[in-house]
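# give me a model of this one.
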Amino acid sequence: MSSTNTSHFASFAAYTPPPDDPAYPGASTKNTSRAWFPAQQQPTSYQSGGIPTFNTSQAGGLGAVEDAEAESATSMWETRHGFRVDLSAAFAYLLGPISALILLITETQNDFVRFHAYQSALLTTPLALLRILASLLQFPAFLRIVLTLLLVLPPLYMSWQAYIDAARNGLVRFQIPFIGPLAERWVLEE
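Numbering: from 1, shown residues only. Alright, predicted model coming up:
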């Protein structure tokens, strides 16, 4: 090691300024590359200048589906607070618009849970408002019972369906006609 190299690595002086301090005379102005923090990622696709690969997972060959599932599996099954996805999606329907609103406020990472929260809000809010209106306007008891059943049974079925879709079907989204595509669009626009 030559004496002209003024490296302060492992210096035991009382105070040694950091090497990236601009006031320090030995500081360099160029950005140094650190092994633990790569400065620039290599292009990975043919369109971005990478080397074309054939019959590999990047090129869509053998192993493509498995690699894509392995990369996205962590984000698909994670929720913000660490709750299970199947139970969170089922909870979106249990308390109607209240549970949907709670999940829309608290869950910000998982699109599956947010989709079911939107769908629950779009399904149960009009039904709850109709049931309240029927009570206030003194509709016949039979009609109020029908509206109560409409307020309870479809969300129970959707709760079960959301749980089954997450637990057994790999996060397949069961869409209610007219409401499901709207909830899907809202999730995609976020």
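
# now Phe178. Its backbone dihedrals?
The phi/psi pair for Phe178 (degrees, to the nearest 10) reads phi 70, psi -40.

# give me the neighbour count for it.
For Phe178, the neighbour count with other C-beta atoms under 10 Å is 8. Backbone N, C-alpha and C define where each C-beta goes, glycine included.

# just the pLDDT at it, thanks.
You'll see Phe178 listed with a pLDDT of 93.

# if I look at it, how far off is Gln119?
With distances taken as C-beta to C-beta, to the nearest Å, Phe178 is found 11 Å from Gln119.

# just Leu95 next, same as before
For Leu95, the distance to Gln119 equals 14 Å [C-beta to C-beta].

# and Leu171, helix, strand or coil?
For Leu171, the assignment made with DSSP: H, G, I helix; E, B strand; the rest coil gives coil.

# what's near enough to touch it?
Leu171 sits next to 76-77, 85, 112, 165 when contact means C-beta atoms under 8 Å, 6 or more residues apart in numbering.

# apply 10 Å and report the result again.
The neighbourhood of Leu171, defined by C-beta atoms under 10 Å, 6 or more residues apart in numbering, consists of 73, 76-77, 85-86, 89, 110-113, 115, 162, 165.

# now it: phi and psi?
Geometry field for Leu171 lists phi and psi as phi 60, psi 40, criterion degrees, to the nearest 10.

# now Val172
phi -70, psi 130.

# rewinding a little: ok, Leu95 and Gln119, which is more surrounded?
Gln119 (28 against 15).

# contacts only, for that one.
With C-beta under 10 Å, 6+ apart as the criterion, the residues that contact Gln119 are 89, 92-93, 100, 158, 162, 173-176, 179-184, 186-187.

# select only the buried ones of the residues you listed in ChimeraX?
Those of the contacts of Gln119 that meet the burial criterion (16 or more other C-beta atoms under 10 Å) are gathered into one ChimeraX selection, given here:
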select :89,92,93,100,158,162,173,176,179,180,183,184,186,187
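
# check what pLDDT Gln41 gets.
At Gln41, the pLDDT value in this model is 53.
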